[in-house]
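Engineer: sequence first, then the predicted structure:
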Amino acid sequence: MLKHTFTYLLAAILPIGFASCGGDDDNGGDNIPSSVQTNPASLAFEATGGSKTFTVSSASEWDAVCPDSWVSITKEGTLSTKGTVEVTVAPNSARKERTATITVLSGTARASVSITQEAKAPEPVDPTIEVPEGYEMVWNDEFDGTALNTSDWRHEVQGPGWVNNELQNYVNGSYDGIPVTQVDNGILSITCFKSGTRINSGRIYAKVNEGWKYGIFEARIKLPKGKGTWPAFWMMPVNNDFSANPWPRCGEIDIMEEVGYNPNYTSSSIHCDSYNHVKGTQKTAERYTTGAQDDFHVYRLEWTENYIRTYVDGNLLLNFPNDGAGNVATWPFNKPFYLILNLAWGGDWGGAKGVDESALPATMQVDYVRVFQKI
């Protein structure tokens, strides 16, 4: 009886012992424990960015990963069961909050740390500036200083005939001590003048390497007088490779142009592969703007993914809808463009009826340039 009882007990015990040898193996027999915890489980950052740290406790070696480029992580102690992760977040230039997730791994265990960052706060706006409803001002130049802000603006330097068979030299700020661009008393003046036998003038780009995609762009401008003048307020695509994507395929938005032989008639145009003046298919609208050469008027572009519209003093001038075909030939306007102000002399259009050098020097005056984008 005792022998039979011992045999029965041994038979009952042995299966339990054998089962416990591999019962905790969740990793295909590697016997690596699987547990990981983080403290805290979330981190919040201001729009300016910065660095914060969380701790890791695990049963074995661990790692941490994050796929978002605006979040960088530095890990300490990954080969032990205790460690830290320093999280550095880049400044948020957008007006929307953004989120990311850091995943911590140990064996088959996973833990997540959520990252949130505040949206960039709106810039303070002078209460005298009218901001369109549903928009905020993202950049402006009121020309309140004593010189052009070279961190925002860049001069073009080119000789005569560079484009449109124009006669002027575009120079870097001045020639023979005479400025082509000058800021004084809240006004930017772009002046075209003759020095000896050469004509000098200014062409400047705003945020040429950044630009803006969609928004409202406006400038308050007083136009020059004289046959031969060709002032313009317009836009071209950022970082365009003209060898691979030549004009007009790249796109061009002309918010305001005028030629001196047709005074006070201001026009707006768009140019692309299907619609351009070389083919005679450009989309242009022109209107007589009373006193355009005697006083300041506001020229505005409203550019969305659905249409391009221009205005003079709040009155619609050009309406160019996106045809929705997804064809770059008819709508290359889905990428950032930068702003341009220039005063040309002569050329295919400005000099179509000759030039009158007695009109020189001629000056285009700009009260402000403003850019608004949707909130």
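Structural biologist: In hand now; what should we look at?

Engineer: next secondary structure after the lowest-mean-pLDDT helix or strand in the chain?
Structural biologist: Lowest mean confidence among the helices and strands of the chain (mean pLDDT, DSSP states H and E): helix 2-20, at a mean of 40. Next along the chain after helix 2-20, taking DSSP states H and E as the criterion, comes strand 36-39.

Engineer: in that following strand, what counts as buried?
Structural biologist: Buried residues in strand 36-39, counted by 16 or more other C-beta atoms under 10 Å: 36, 38. Every residue, glycine included, has its C-beta placed from N, CA and C.

Engineer: partner strands of it, with direction?
Structural biologist: Sheet pairing of strand 36-39 (DSSP bridges) gives strand 50-58 (antiparallel).

Engineer: so where do the helices sit in the stretch 201-350 of the chain?
Structural biologist: Here the stretch 201-350 of the chain has its helices, by DSSP state H, counting those that start in this stretch, at 347-350.

Engineer: show me where it has its strands.
Structural biologist: 203-206, 215-222, 229-237, 252-257, 265-271, 283-288, 297-303, 307-312, 315-321, 337-345 (DSSP state E, counting those that start in this stretch).

Engineer: what's the closest of these to residue 118?
Structural biologist: Of all the strands of the stretch 201-350 of the chain, strand 215-222 sits nearest to residue 118, with 22.3 Å by C-beta to C-beta.

Engineer: which residues sit against the closest one?
Structural biologist: Residues outside strand 215-222 that contact it (C-beta atoms under 8 Å, 6 or more residues apart in numbering): 132, 135, 138, 231, 233, 235, 255-256, 292-303, 339, 341, 364-374.

Engineer: give me the buried subset of these.
Structural biologist: Neighbour-count burial (16+ other C-beta under 10 Å) applied to those gives 138, 231, 233, 235, 255-256, 292-293, 296-303, 339, 341, 364-373.

Engineer: mind checking the longest strand of this structure?
Structural biologist: Determined from DSSP state E, the single longest strand within the chain is strand 362-374.

Engineer: for that one, list the C-alpha coordinates in CSV.
Structural biologist: C-alpha atoms of strand 362-374 as CSV (Å, rounded to 0.1, in the frame of the first residue of the first chain):
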residue,chain,number,x,y,z
ALA,A,362,11.4,107.1,-61.7
THR,A,363,10.4,105.6,-58.4
MET,A,364,8.0,102.9,-57.3
GLN,A,365,7.0,103.4,-53.6
VAL,A,366,5.8,100.6,-51.3
ASP,A,367,4.1,101.3,-48.0
TYR,A,368,3.9,97.7,-46.8
VAL,A,369,3.9,94.0,-47.8
ARG,A,370,1.9,91.5,-45.8
VAL,A,371,1.2,87.8,-45.9
PHE,A,372,-1.7,86.1,-44.3
GLN,A,373,-2.4,82.4,-44.0
LYS,A,374,-5.4,80.4,-42.8
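
Engineer: next, the buried residues of stretch 206-224.
Structural biologist: Neighbour-count burial for stretch 206-224 flags 206-208, 211-212, 214-224 (criterion: 16+ other C-beta under 10 Å).

Engineer: hang on, the earlier thing: so what strands line up beside the longest strand of the chain?
Structural biologist: strand 135-141 (antiparallel), strand 187-195 (antiparallel), strand 215-222 (antiparallel).

Engineer: same list (those) but as JSON lines, adding mean pLDDT and distance to residue 148.
Structural biologist: Below are the strands paired with strand 362-374 laid out as JSON lines (pLDDT from 0 to 100; distance: least, C-beta to C-beta, whole Å):
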{"stretch": "strand 135-141", "mean pLDDT": "95", "distance to residue 148": "9"}
{"stretch": "strand 187-195", "mean pLDDT": "98", "distance to residue 148": "7"}
{"stretch": "strand 215-222", "mean pLDDT": "98", "distance to residue 148": "15"}
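
Engineer: now those as a markdown table including distance to residue 60?
Structural biologist: What follows is the strands paired with strand 362-374, written out as a markdown table (distance: least, C-beta to C-beta, whole Å):
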| stretch | distance to residue 60 |
| --- | --- |
| strand 135-141 | 49 |
| strand 187-195 | 65 |
| strand 215-222 | 52 |
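
Engineer: pLDDT weak spots in the stretch 51-200 of the chain?
Structural biologist: Along the stretch 51-200 of the chain, segments meeting pLDDT under 70 are nowhere present.

Engineer: in it, which spans are strands?
Structural biologist: Taking DSSP E, counting those that start in this stretch as the criterion, the stretch 51-200 of the chain carries its strands at 63-65, 71-76, 82-89, 98-106, 109-117, 135-141, 153-155, 169-170, 174-175, 178-179, 181-184, 187-195, 198-201.

Engineer: out of those, nearest to residue 278?
Structural biologist: strand 169-170 (22.5 Å).

Engineer: how about residues contacting that closest one?
Structural biologist: Residues outside strand 169-170 that contact it (C-beta under 8 Å, 6+ apart) are 155-160, 162, 175, 180, 198-203, 342.
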